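Asker: My questions concern the predicted model and sequence given below.
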Amino acid sequence: MTHTFLNRRSILAAASLALPGLALLSNTVRAQEAQPEAGPFRFKAGNGEEVDAERGFFEVPEDRRIPGSRRIRIGYVRFASTSKDPGPPIIYLAGGPGGSGPRTAMGPRFPIFMALREVADVIALDQRGVGLSSHIPDRASTTPFPAMTHAGVTAWYREEMQKAWIDWTRAGVAMTGYNTEQNADDIEDLRRHLGVEKVNLWGISYGTHLALSVLKRHPNSIGRVAMASLEGQDQTIKRPAHIDLFLDRVDHLMWQDPDVRAAIPNMPTLMRRVHERLEADPATVAFAGENGPVDVKVGGFGVQLLASALVANPPQLAMLPGIYLALDAGKTDILASIIPPPHRYFRISGMSEAMDIASGVSPARLALISQEAKTAVLGDAFNMPMPHLRNAIPGVDLGDDFRAPIRIETPAMLVAGSLDGRTPLEEQAEVIAQFQNKTQVLVENAGHNVFEAHPEVQSLLVKFFSGAPVGDTRLTLPPPTFPIS
C-alpha cells in the first residue's frame, strides 16, 4: 500500500493512530532502501529480527509497446530456502497498487516469509514504480490544497494528476508503461532471470488483480497460487451496494452490545446524517502542516474517505462508532488526530494512480456503480481515486479484453476474512468462480489483512506450497468490540 491517504486502498496512513509501530518500520525501510546494491545483506524486520537475504535486480523495458523504450531495473529481496530440495520460487505480490514486497516482509507477515522458506526461495518483489523499482521522480504538488468535499477533492486530483503526467513524461518517464499487463510481464521476466521453469505466486488485494493478469498472459509459467482478499479483473472499482451490505453486517454485529445499540440505533443512519450535515456545511479543521498549522474545510466526503480507509480491518473498523458519535455531537476537532495532514494525503505517487486508470472499468459495471453510488452510505468516496480519474489521461485504459474473466486450472488456495470491508465477499465470490482447482479458507471475523490474522493460515500456506493436499477450511477469531467512548 502506498501512504497516500486518498488512494482508495491506502489504509495505513489513516489508521496510523492505531498502529504506533509504523513509524519504526518506516525508519527501517528507509535505511535499507538507501542501499540499492545487488548482493547479500542482512535483512532487518520491523520487530528487530534479522536474517540473511539477497538483493537482486533485472532489467525490463518501461513500456514494451514502445520501440526503444528506456530500460528500468526491477528489484527484489530473496530469502533462500532452507529445504534440501526446494520447489519453485514463491513470489510475493503486494497490494495497493503501490505496495512493496520488501516492506511487507518487514511487517507482521515476516514470520510467514520465513516459514515458507521450508518449501522454496521466497521473493519479496518491488513492482515497477515502487521501492527498489522506483523510477518515477518524487514531485511536489503544485495545486493548492482543496476543501475535502466531493467537488474540491475530485477537481484537485484530476488537475494534479494531469500536471504530474506531463512533468514525468517530459522527464523521460514512459508513464504509459505503468499498467497491470506490463507488471504481469515483469513476473515472466523475473522467472527467466531466476532461471526456473515455473514460479509460484503469493498475493493479496491488488496483488491478486496482478496475479490474474499473470495467469491470463503466462499460464504455463505458474505452478500454484495462494491469494487473499481477491480483486477481480473488472473490480478496480468496487460496487457501492456491496459496501452497504458490509456496513449492514457491521451494524448487526453492534447489536451484540446493548450499550452500543442504545447509543447508535442504526449505524448506517448515523453515518448518512453526519455526511449530509458536513457536506452541506464543512467544518474547518486545523491540521499540523510542514510550515505550521493549516486550516482545511472537511465536508462529508472527507469523512466518507476516512470511513472508507478504516473499514478494511476490524481494529480500525471498531473506531467508527466513536468517531461518528463525536462528529454527530459537533466535535469535528477529532479529525485532526485521525486524518493525516494535507501535505501527506494530497500527493500523487504516479504508479498507483496510473495502474488504476489503466485497469479501468467496463461500461456496464460503471453504469451500475454510478447508479448505486447515488444512494450508498459512502457514495463514490470508497473507490477514490476511481472513477474520479477516469479519462483524466486519455488512451491508457487497457480495455475490456483485459478485464474479461478467464477459466483457471492452476491449483489455488483462496483466503478471505469475513469482515473484509475493502474487498467484500460478494466481489470475491465472482473471482472464486473462475478457479476450477481451488481450496478455500475463510477466517471468521478477520479483515482485509487476513494472512497474518490467524496463526493457522501460515501452516496452511506452507502445506499448500509444499504440494500437500489442503481441504476447505474455516477458522474463527473473536468478534470485534465497538468502544463508543
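Answerer: Done, it's in.
Asker: which secondary structure element contains the residue positioned nearest the centre of the chain?
Answerer: Against the mean C-alpha coordinate of the chain, by Cα atoms, centre = their mean, the closest residue is Gly96 at 3.0 Å. Gly96 is part of no helix or strand when elements are defined by DSSP states H and E.
Asker: That one and Thr208, how far apart?
Answerer: Separation of Gly96 from Thr208 (Cβ to Cβ, to the nearest Å): 12 Å. (C-beta placed from N, C-alpha, C; glycine too.)
Asker: tell me the SS of the closest residue to Ala433 other than its chain neighbours?
Answerer: In space, and not counting its chain neighbours, Ala433 is closest to Pro405: 7.9 Å by Cβ to Cβ, 6 or more residues apart in numbering. Using DSSP: H, G, I helix; E, B strand; the rest coil, the structure places Pro405 in coil.
Asker: So which residues of the stretch 351-485 of the chain form strands?
Answerer: Using DSSP state E, counting those that start in this stretch, the strands of the stretch 351-485 of the chain run over residues 412-417, 438-444, 473-476.
Asker: Retrieve the pLDDT associated with the residue nearest to Ala433.
Answerer: Here the pLDDT value assigned to Pro405 is 98.
Asker: Quick check: it touching Ile432?
Answerer: No - between Pro405 and Ile432 there is no contact under Cβ atoms under 8 Å: 11.1 Å.
Asker: So which residues make contact with stretch 215-224?
Answerer: Stretch 215-224 has contacts (Cβ atoms under 8 Å, 6 or more residues apart in numbering) with 87-88, 181, 184-185, 187-188, 191, 197-201, 214, 225, 233, 406, 408-413, 464-465, 467.
Asker: Out of those, name the ones that lie in helices.
Answerer: For the contacts of stretch 215-224, the ones inside helices are 181, 184-185, 187-188, 191, 214, 464-465, with DSSP state H as the criterion.
Asker: Could I get the buried residue list for stretch 394-414?
Answerer: Within stretch 394-414, the residues scored as buried using 16 or more other Cβ atoms under 10 Å are 396-398, 402-403, 408, 410-414.
Asker: Can you add distance to Ala367 and give these back as TSV?
Answerer: Below are those laid out as TSV (distance: Cβ to Cβ, whole Å):
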residue	distance to Ala367
Val396	21
Asp397	16
Leu398	19
Phe402	19
Arg403	14
Ile408	27
Thr410	32
Pro411	36
Ala412	31
Met413	34
Leu414	29
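Asker: can you tell me which of these lies nearest to Phe113?
Answerer: The nearest member of the buried residues of stretch 394-414 to Phe113, counting by Cβ to Cβ, is Met413 at 16.5 Å.
Asker: ok so, going back, next, give phi and psi for the residue nearest to the centre of the chain.
Answerer: With angles defined as degrees, to the nearest 10, Gly96 sits at phi 130, psi -110.
Asker: ok, for it, nearest residue in space, not its chain neighbours?
Answerer: Nearest non-adjacent residue to Gly96, counting by Cβ to Cβ, 6+ apart: Tyr206, 4.8 Å away.
Asker: confidence score at that neighbour?
Answerer: With respect to pLDDT, Tyr206 scores 98.
Asker: that older thread, can I get the ones in helices among the contacts of stretch 215-224 in a markdown table including pLDDT?
Answerer: Listed next are these as a markdown table, based on pLDDT from 0 to 100:
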| residue | pLDDT |
| --- | --- |
| Glu181 | 98 |
| Ala184 | 98 |
| Asp185 | 98 |
| Ile187 | 98 |
| Glu188 | 98 |
| Arg191 | 98 |
| Val214 | 98 |
| Phe464 | 98 |
| Phe465 | 98 |
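Asker: Which one of those is nearest to Pro40?
Answerer: Nearest to Pro40 among the ones in helices among the contacts of stretch 215-224: Arg191, at 22.0 Å, using Cβ to Cβ.
Asker: Tell me where the stretch 201-350 of the chain has strands.
Answerer: 222-228, 283-289, 292-298.
Asker: Is it possible to get the ones you listed out as TSV so that each row also shows mean pLDDT?
Answerer: Below are the strands of the stretch 201-350 of the chain laid out as TSV (pLDDT from 0 to 100):
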stretch	mean pLDDT
strand 222-228	98
strand 283-289	92
strand 292-298	92
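Asker: of all the ones you listed, which gets the most neighbours per residue?
Answerer: strand 222-228 (a mean of 25; mean count of other Cβ atoms under 10 Å).
Asker: Okay, angle between that one and strand 412-417 too, please.
Answerer: Using axes from the mean of the first three to the mean of the last three Cα atoms, to 10 degrees, the direction of strand 222-228 lies 10 degrees away from that of strand 412-417.
Asker: the longest helix in this structure is where?
Answerer: Determined from DSSP H, the single longest helix within the chain is helix 150-170.
Asker: ok, Phe464 - contacts?
Answerer: By Cβ under 8 Å, 6+ apart, Phe464 lies in contact with 224, 226, 413, 439, 470.
Asker: Pretty sure the fourth one sits against Asp472.
Answerer: Yes - at 6.0 Å, Thr439 and Asp472 qualify as touching, with contact defined as Cβ under 8 Å.
Asker: Comparing those two, which shows the higher neighbour count?
Answerer: Using other Cβ atoms under 10 Å, the more surrounded residue of Thr439 and Asp472 is Thr439, with 19 against 11.
Asker: Quick one: residues contacting that one.
Answerer: By Cβ under 8 Å, 6+ apart, Thr439 lies in contact with 412-414, 464, 470-473.
Asker: of those, closest to Leu305?
Answerer: Leu414 (29.2 Å).
Asker: That closest one contacts Leu230, correct?
Answerer: Yes - applying Cβ under 8 Å, one finds Leu414 in contact with Leu230, separated by 6.6 Å.
Asker: Contact partners for the nearest residue to Ala147 once chain neighbours are set aside?
Answerer: Nearest residue to Ala147, sequence neighbours excluded (Cβ to Cβ, 6+ apart): Lys297, at 3.7 Å. Lys297 is in contact with 147-149, 152, 282-285, counting by Cβ under 8 Å, 6+ apart.
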